[in-house]
Structures are given as C-alpha cells and as structure tokens.
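Peer 1: With the input below, show me the fold.
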Amino acid sequence: MKLLLLLSAFFAVTFINIYSFNISTNKGRVIKLSDYQNKKMLIVNIATSGSEITQLAELELFHQMHKDSILVIAFPSNSFEHTDMNDQQIRAFLTTQGVTFPVAYKTNVEGSNAHPLYQWLMSDSSNASLKIKMEEDFQKILIGKDGKIKGAFGAPIRPGSDFIKGAIRRN
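Peer 2: The predicted structure is shown next:
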C-alpha cells in the first residue's frame, strides 16, 4: 500500500518547463509561451532609465530582424531602481521609443517576489540548465527551440553582439 502511494505521488508530479508560463503584457494581452514551442526566445529585463537605456532601440532592431524565428519579450522592473514609472507610464514611454516587441507588466525579476518565470529561470533545479543571478537591468536570457536556456548575457552584451549571434546560430 505504501509503495502504491509513493508511486502515485511520483507520477503525479508535473515538471514545469518554460512552456508552462503565461505572460500578461502591459497592453492587457496574455502570451502563452506554449504557443512558441520550437521557436527561440530572448527574455530581457528592461528599465526606463539608466546607462543602458539605448538598448531599447537595439532590442527593437533585433526584434524586427528576427521576429519570424525569435520571440523577444521584455520585463520592465524596478529591481535595480531604474524604473519608477507605473505600467501606464511605461507603456507610453516605450511607445515613444518605438518598441513593438511584447512587454510584460512591471514586475520584480530577482528575489523571493520575482515573477514566477524569473524564479524558474534563476533556479537550475527547476530549469535543468543554468543557475542565473539577476544583477542588473538589460540581462538577456536566450531560450533554444527545445525550451532550454542556451545562454545568459549581462547588460554589457548588446542585443546585436557577436556573442548573442553566435549563441543563436549554435542553438
């Protein structure tokens, strides 16, 4: 009887993968990551001020160049104290910057209050790939067609850099 209960508990566990997440955008849309299976993703935590703000234009260019093969999705965050705007202000600001890629609602990207997707991304025991530490705005995480993390890049690595291009080609 105990063995049967243990086996039932074992098989009842569902493994969470990136396709388990739905992302609410700051435009009121819901993005089901399961709709993007077999497509690469570039997940970026963004800010509305700070020294790396020019990356918004670079991300937009990256999005335009790769939108048929890579989903770019941004997460505005004040985790590093460079986004003091609310969601409505963020949406208006990003419109003036020409941003057309999907943008989630403002959320935490580090710590115990981090968005569930970021909790998954930061935990190698959950994502079965890498342990990622969120330390700054404009960190980029590349997800391969298989749903696994293929690379994590700090803010100094620009969206169009050879590092990211190489990671995309390899995966």
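Peer 1: What segments of this structure are strands?
Peer 2: 22-24, 30-32, 40-46, 70-76, 140-143, 149-153 (DSSP state E).
Peer 1: can you count the residues close to the residue nearest to residue 99 when sequence neighbours are not counted?
Peer 2: Counting by CB to CB, 6 or more residues apart in numbering, the nearest residue to residue 99 once its immediate chain neighbours are dropped is residue 60, at 5.6 Å. Bear in mind the C-beta positions are built from the backbone N, C-alpha and C, glycine included. Close neighbours of residue 60, defined as other CB atoms under 10 Å, add up to 18.
Peer 1: cool, residue 157 as well?
Peer 2: Neighbour number of residue 157 under other CB under 10 Å is 18.
Peer 1: Can you check the pLDDT for the residue lying closest to it once chain neighbours are set aside?
Peer 2: Excluding the flanking residues, the one nearest residue 157 by CB to CB, 6+ apart is residue 163, at 5.1 Å. Residue 163 is assigned 91 on the pLDDT scale.
Peer 1: Contact partners for residue 163?
Peer 2: 151, 153, 157 (CB atoms under 8 Å, 6 or more residues apart in numbering).
Peer 1: ok, it to residue 44 distance?
Peer 2: 14 Å (CB to CB, to the nearest Å).
Peer 1: Just the helices from this protein, written as ranges.
Peer 2: When secondary structure is read from DSSP state H, the chain shows helices at 2-12, 55-66, 87-96, 116-122, 124-127, 162-170.
Peer 1: Nearest to residue 34, out of those helices?
Peer 2: helix 116-122 (12.9 Å; CB to CB).
Peer 1: Now do the end-to-end distance for stretch 93-113.
Peer 2: Start-to-end span of stretch 93-113 (CA to CA, to the nearest Å) is 25 Å.
Peer 1: Okay, buried residues for that stretch please.
Peer 2: 93-94, 99, 101-110 (16 or more other CB atoms under 10 Å).
Peer 1: go on, stretch 134-152?
Peer 2: Buried, per 16+ other CB under 10 Å, within stretch 134-152: 134, 136-144, 147, 149-152.
Peer 1: and which of those is nearest to residue 87?
Peer 2: Checking those one by one against residue 87 (CB to CB), the nearest turns out to be residue 137, at 17.0 Å.
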